[in-house]
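*Asks:* what follows is a protein structure lacking sequence information:
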Ligand SMILES: Cc1cc2nc3c(=O)[nH]c(=O)nc-3n(C[C@H](O)[C@H](O)[C@H](O)COP(=O)(O)OP(=O)(O)OC[C@H]3O[C@@H](n4cnc5c(N)ncnc54)[C@H](O)[C@@H]3O)c2cc1C
Ligand SMILES: Nc1ncnc2c1ncn2[C@@H]1O[C@H](COP(=O)(O)O)[C@@H](O)[C@H]1O
């Protein structure tokens, strides 16, 4: 079974974000793998451990945006590809999806493509469905559980998450999936894994290698800003006993007219 | 420039996601001055949803009613959405940012060769151009985005826009769409696992959340046959019972920190924060939650935040309108009783 996992590098979730001259900065905060993507890598590693096969990590980004790839390799993925081309700067979601779809086709013979649920920087959560649509493969998204995977029959059964509960879905290969946080805790990279990953060689493909032109983007950013500080009139509720504090809090809450 | 707007009304077996009506309300604003607001309803036996769409102000309702659409699957639902969009040729298609709404918008962006402005919290119109505000980096920044292609696809965050008042006297004849569904689909829905009842976090006007503090009651002694972890979970169950009781009295939902979820106090679907749900209720009561930046990312836009925490230096107090420095096991029972009495 060949599984492609799409991962992205993002700034640490603890980072303080600032904007200077319209440019976003996270200071000297660490760069990490998009936390949602760790679940996808974990699932890919478990699936290939159980059924055999290989995991190929795919990431699109600038030439130095390799933290996500390194982390996935350190977790145990066997191979990786970075797609990088100056012409891709400022790509919107559909353009990224087209590039990733071309990357997946160039890797070739993928049985499953796994995504994280969404990027923690752009907070969009669109690529998995867009890539599925572009490839014409079925999408089974927000998967929390793999009930059955049969590489010989090329079928799988999963539980996916809807607002109303879990939906049980049967599907066939090739398919595009995204994996949610309740799948399983992702493993920590081992010391050996980190060492191996730091020495790993993997290709960087540009648009020529993919055989496509830079896809057009129609969504553009007009501006970015730090949200205005909220005026919070802080009030610590006084009282001699917990009961008294509770009583005073009830009065305060009722006055806010939110109930 | 007046615009024609198509609004996707998200339903699960006839049950409408509230944010759909908010989207319909936004549609009416965008169409002011002569535009038309159409609603799109997919599923099987969804006539009631279509009538509700008229009552919430749709001028026209397209209904795709077919046994093949009874269960949501992205591909056939996406095909129908693209088909209607091509025929009706709206300027803008609005979706609530629900699981289905996001997927349908994503597929439509590919099918109709346009882009998506996703999970939008504010919209501005100037000279006919729409600028959308989105929150990025988990709400640490706001960005303004536009789409130069047509139709513009926009998904709207729940509770970010007002719900229009329905008019029960309104009704209409929905337009039934003749479907061209492709017969061989690669997926089949074989069933559902209902989640335990209760109010859903995203729609809730009130959320009571518990953190790791819910297990910290030294006066409780767990049954002797439990090991350390099980004993902690047992304690947290008592703590979350108090959280539940308060949520019940307020008709609200129960939230949780990641620490509480990771320690198996409560299932993941309750997690609020950067890697959980982003919520924006009128009232958020955080009990035994420290207020880590990743938690704040999920609830900082709540209207009124109340924090109950033993530690007066807990960061959650910085965001709280009201803070109680105290033990949640002591404060919650009288608070629940008091609010119950006050609400009658
Ligand atoms: C990539 C990443 C993503 C993350 N995503 C999320 C997320 O989505 N959501 C999230 O919540 N966290 C998230 N976190 C984790 C976050 O950093 C914190 O670890 C977590 O929020 C802490 O949960 P807590 O407040 O319940 O626990 P703690 O930080 O342990 O706080 C417990 C609090 O309870 C108080 N307390 C103890 N006993 C009592 C009592 N009896 N009565 C009253 N108060 C009491 C304590 O004073 C303390 O303030 C993420 C972290 C990372 C690295
Ligand atoms: N630049 C990228 N390269 C590879 N995969 C990506 C990239 N950006 C996002 N993804 C994947 O797509 C998922 C959803 O991202 P998004 O639609 O940007 O929220 C992420 O969880 C990743 O798995």
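*Replies:* Looks like it arrived, so ask away. Keep in mind that what you see is a predicted model, and the values were worked out from it rather than measured. Ligands and ions are numbered 1, 2, ... in the order given.
*Asks:* the lowest-mean-pLDDT helix or strand in chain B: what's the following helix or strand?
*Replies:* In chain B, no helix or strand scores lower on mean pLDDT, DSSP states H and E than strand B:187-194, which sits at a mean of 93. Using DSSP states H and E, the next helix or strand after strand B:187-194 towards the C-terminus is strand B:206-210.
*Asks:* what residues does the stretch 51-200 of chain A put near ligand 2?
*Replies:* A:58-61, A:96, A:100, A:115-119, A:122, A:124-128 (CB under 6 Å from any ligand atom). C-beta here means a position set from N, CA and C on the backbone, and glycine is covered the same way.
*Asks:* now, those that are in strands?
*Replies:* A:58-60, A:115 (DSSP state E).
*Asks:* which among those residues gets closest to chain B?
*Replies:* residue A:115 (11.8 Å; CB to the nearest CB).
*Asks:* can you give me the neighbour number for the closest one?
*Replies:* A total of 31 residues lie near residue A:115 under the criterion other CB atoms under 10 Å in any protein chain shown.
*Asks:* show me where chain B has helices.
*Replies:* Assigned by DSSP state H, chain B shows helices spanning B:19-31, B:47-55, B:74-88, B:99-111, B:228-250, B:258-262, B:293-299, B:328-343.
*Asks:* do the shortest one and ligand 1 meet?
*Replies:* Right, the one you point to is helix B:258-262. Yes - Helix B:258-262 is in contact with ligand 1 by CB under 6 Å from any ligand atom, via B:258-260.
*Asks:* what distance separates that helix from the centre of its chain?
*Replies:* 21 Å (CA atoms, centre = their mean, to the nearest Å).
*Asks:* just the buried positions in that helix, please.
*Replies:* B:258-261 (16 or more other CB atoms under 10 Å in any protein chain shown).
*Asks:* any low-confidence regions in chain A?
*Replies:* Within chain A, no range satisfies pLDDT under 70.
*Asks:* which element follows the longest strand along it toward the C-terminus?
*Replies:* Counting residues, the longest strand found in chain A (DSSP E) is strand A:139-150. The helix or strand immediately downstream of strand A:139-150 is strand A:155-162, counting by DSSP H and E.
*Asks:* what's that next one in contact with?
*Replies:* A:112, A:140-150, A:166-173, A:175, A:177, A:180, A:182, B:12, B:72, B:99-100, B:190, B:193, B:269 (CB atoms under 8 Å, 6 or more residues apart in numbering or on different chains).
*Asks:* are any of those residues buried, and which?
*Replies:* A:112, A:140-146, A:149, A:166-173, A:175, A:177, A:180, A:182, B:12, B:72, B:99-100, B:269.
*Asks:* what's near enough to touch residue 84?
*Replies:* If you meant another chain, say so; for now it's chain A. A:60-63, A:65, A:204-206.
*Asks:* oops, chain B please
*Replies:* Residue B:84 touches B:6, B:40, B:62, B:64, B:177, counting by CB under 8 Å, 6+ apart.
*Asks:* that one and residue B:295, how far apart?
*Replies:* 40 Å (CB to CB, to the nearest Å).
*Asks:* coming back round to it: and which of the ones in strands among the residues of the stretch 51-200 of chain A next to ligand 2 is nearest to ligand 1?
*Replies:* residue A:115 (17.2 Å; CB to the nearest ligand atom).
*Asks:* would you point out which residue of the stretch 51-200 of chain B is nearest ligand 1?
*Replies:* For the stretch 51-200 of chain B, CB to the nearest ligand atom, closest residue to ligand 1: residue B:138, 8.5 Å.
*Asks:* could you check the pLDDT of the closest residue to that residue other than its chain neighbours?
*Replies:* The shortest distance from residue B:138 to any non-neighbouring residue, by CB to CB, 6 or more residues apart in numbering or on different chains, is to residue B:297 (3.5 Å). Looking at residue B:297, its pLDDT reads 94.
*Asks:* help me confirm that residue B:297 comes into contact with residue B:141.
*Replies:* No - using CB atoms under 8 Å, residue B:297 is not in contact with residue B:141; the gap is 11.3 Å.
*Asks:* who has more neighbours out of those two?
*Replies:* Using other CB under 10 Å as the criterion, residue B:297 and residue B:141 rank with residue B:297 on top: 23 against 18.
*Asks:* now do the contacts for the more buried one.
*Replies:* Contacts of residue B:297 by CB under 8 Å, 6+ apart are A:13, B:138-140, B:273-274, B:278.
*Asks:* let's see 10 Å
*Replies:* A:13, A:120, A:123, B:135, B:137-140, B:272-276, B:278 (CB atoms under 10 Å, 6 or more residues apart in numbering or on different chains).
*Asks:* just residue B:10 next, same as before
*Replies:* A:163, B:16-20, B:23, B:40-43, B:49, B:72, B:95-102, B:104.
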